[in-house]
Structures are given as C-alpha cells and as structure tokens.
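> my questions concern the predicted model and sequence given below.
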Amino acid sequence: MANPDNYQETLDAAIDKAKEEIQDLSKINIIIAGKSGAGKSTLINAAFGEELTKTGGGAPVTDKISLIENKDFPIRIYDTVGFELKQINQWKTKHSILQILRRTNKTETPDDDIHCLWYCVSATGTSLEDEELNFMKLFLDRNIPVILVLTQAYSLKSANEQKQYAQQKLPQLHSVSILANDSENTTAFGVDQLIELTATLLPDGLQNSFASAQKASLRNKRQAATKLINSAIVANFGTGFVPIPVADAPIMMSIQSTMLVKITTVYGINFQKNKVETALAGALGVFTAISAGKSVATSLIKLIPGGWVIGGTISGTVGAIITGALGYAYIELMEMVAQGKINLSEVAPEELTNLLISLIKQKMPQNLTDLDNINKN
C-alpha cells in the first residue's frame, strides 16, 4: 500500500514548486515598433493574451515608449507610441530606443537585455520607408533579432512584395505575415508562426519562459514540454530497480513531480483561475494507484513489452517508459485546460487520474523500438 505521507508531501512540494517556477522564470524583453495603426496592440493581445495589456497597463518609459509588464508574466513589451514619418518623431523614437539599448547594455543581468524586435507594418498600407529600414538595422547591427511583422495581411501578394523588398535591403531580416483577428471573409492566421519563429531566435535559457508567456501556439508549448519529458526519461533510467508496491520509492515520484511542475509552468496555467493543484494531484495519483496495486493502474505495467517486470520489481527502463507516457498524457491534459475543454475547478483529482491512465495507455510503446518514438505522439 502506498504511503499517504509520501504522496501528500510530494504533492505539497510540487504545488509550492510550481508557484516558485512561475515567479522565477527569466524575463524576456521584446520591443514592438511601427507606425500608428499598424496593429501593435492587437498583435500583443493575440500573442500574449488580453491579461497582459489589461493588467500590465503601459507605464511610460520615455515620451515615445511605454512598458507593458505584469508580475505574473515572464515577458516585458516595450511598445513604441508610433514611428511616424515626421522627422522629429522618427528622431525621438530612435533616440528613446537607443537610450534603452545603452541602459540595458550597462547591466550584467540577462533579464534586462533586449531579446527581439517585432517591427509591424500594415501589409495593405504604404511601402516601407528608408527610415524604417534604418531603424531595424540599428538592432541587426547589435545582433538583436528583428522580425518584420506584416500585419492586416488581407492580401498575401502585397505582404510578399513587402517581404521581398525588405529582405533585399536587409538580408538578416526575418519576416512573417499575419492576420491577428478573424475578418468577415478570412480566418485569423500567422500569429502562431510568429511565436514559433521568435522561439527559434531566443537563447535556450529563455525557451520555457517564452512558451509560458505566449498564448498563440500550443505547438511551441508542446516542443518545450517535450524537452522536459526527455530529461525526466533520462533521469529515470538511472533509478535502478524499484519494488512494487512502490510505497518507499520517492525517487521516481520526485522525478515525475518535477517534470509535471515544469510542464505546468510551460503551459502558463493561471493559478488564480485554475486549481492547478487538482491537475498535479491527479497526475501524481497515477503513481500512487500503481503502488497501491489498483488493477486499472497495474494493467499499465502489463502493456510494457519485453517482460521488463522482474521478480516484483520495476526496472529503470520501465520507470522511464511510465514517466514518458505520463508526461505526454499530462501534456494532453494541459492542452485540454488551455483550450477550455476541462475546468480544473470542476473536476476531482480522482477523475483526472483515471483520465490520465486512459491517455497513458495510448502512449505506451508497442515494442522496445517504440521507446525511441514515444515523444512523437
């Protein structure tokens, strides 16, 4: 029989750790620039959710730049007031940006660095001006990635022409066309591509922060979560042999709980709106169900090919398989929560445990070779 004290201690620690993980995520700093009417605010809402702009406000940094941030989001947005054609406004905006770049370069804290520029241009508006290209070059010359965001891309032909022209002038430039909101005749598109492109340009140490902050791409979140599962699988290969029942096997549960906490963080599930502890309790309940000898859970062991359960023990290999399958099942649960298909405030942990067990069965490899392919599911 599983030791309830071990389970409760692990669950309590996991809940505390999840809250700490969210608070400790490294900050990402993105500058969003462009002319007035280019759709910067709409883009911010589509990429990071309305909570950021509603609660983050936009405190003035200079007379041309405001800072949008929220303590619960690992991202800061420097939002320019508008890169207008009047020469004095261009100079003021450029001067304000240079002030920020110089200030952040003086600190040794990576949290202060500017990590990317999104320069927004209406795909149906006027052509790019030389001053706008020169502005983007300021960042490229400092090895800061720049993405030209062709907003309001009702005409992909026009957007592609803008892209080609800009990339002829600035070959290092990245670009993406988007329509942030549905129109009467066209479904919104491109914001997820912008998110995924941005993620490829950020340092590895910021990937989890960015995945947590962004709201537009579940694929980006899944990619970040997959890396966490792979790390947990490797760790479980080293656990050796764990007796069943696993009442005195806190090592495997600890590895699993760390993985689950980090996945929860990547999906950016709001603690105030969702009972995250319910999800963690349900997931850790899978391990407890196995250790308690419940038939629905121990049937999972029988699904593992090759007879790797020897003399009443689970090998590190089997533990790794179970951990991996649990991780991918938990991803499915997090995506259901993110899509509003499951309300964690309305379900019991036992219900989630049973749901996860059914999902785990779908993730189990059919043979030893499939162990290498489990993360493709």
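That came through fine.

> what helix or strand is the residue nearest the centre of the chain on?
Central residue of the chain (Cα atoms, centre = their mean): residue 211, 1.5 Å from the mean position. Using DSSP states H and E, residue 211 sits in helix 207-213.

> that helix packs against which elements?
For helix 207-213, the elements it packs on are strand 28-34, strand 75-80, helix 191-201, helix 218-237, helix 250-266, judged by 3 or more Cβ pairs under 8 Å, 6 or more residues apart in numbering; DSSP states H and E. The C-beta positions use only the backbone N, C-alpha and C, and glycine is treated the same way.

> which of those has the lowest mean pLDDT?
Mean pLDDT values for those show the minimum at helix 250-266, a mean of 80.

> correct me if wrong: residue 265 contacts residue 212.
Yes. Between residue 265 and residue 212 there is a contact at 5.6 Å, judged by Cβ atoms under 8 Å.

> just the angle for the helix ranked longest in the chain relative to helix 250-266, thanks.
As assigned by DSSP state H, the longest helix anywhere in the chain is helix 316-338. Put simply, helix 316-338 runs at 30 degrees to helix 250-266, going by axes from the mean of the first three to the mean of the last three Cα atoms, to 10 degrees.

> so which residues of the chain form helices?
Using DSSP H, helices in the chain cover 4-24, 40-48, 50-56, 87-105, 130-140, 156-169, 191-201, 207-213, 218-237, 250-266, 276-291, 295-303, 316-338, 349-363.

> what's the helix holding residue 211 in contact with?
Here helix 207-213 makes contact (Cβ atoms under 8 Å, 6 or more residues apart in numbering) with 22, 25-28, 48, 73-75, 195, 198-199, 202, 220-221, 223-225, 227-228, 262, 265-268.

> if you set the cut-off to 6 Å instead, what comes out?
25-26, 28, 48, 73-75, 199, 202, 220-221, 224, 265-266, 268 (Cβ atoms under 6 Å, 6 or more residues apart in numbering).

> may I see the buried residues of stretch 33-41?
33-35, 38-40 (16 or more other Cβ atoms under 10 Å).

> repeat for stretch 159-178
159, 162-163, 166, 170, 173-178.

> give me the distance between the two termini of it.
Stretch 159-178 stretches 9 Å from its first residue to its last (Cα to Cα, to the nearest Å).

> and stretch 208-225, by the same measure?
End-to-end for stretch 208-225, by Cα to Cα: 8 Å.

> please apply the same query to stretch 335-351.
Using Cα to Cα, first and last residues of stretch 335-351 are 17 Å apart.

> I appreciate the help and will end here.
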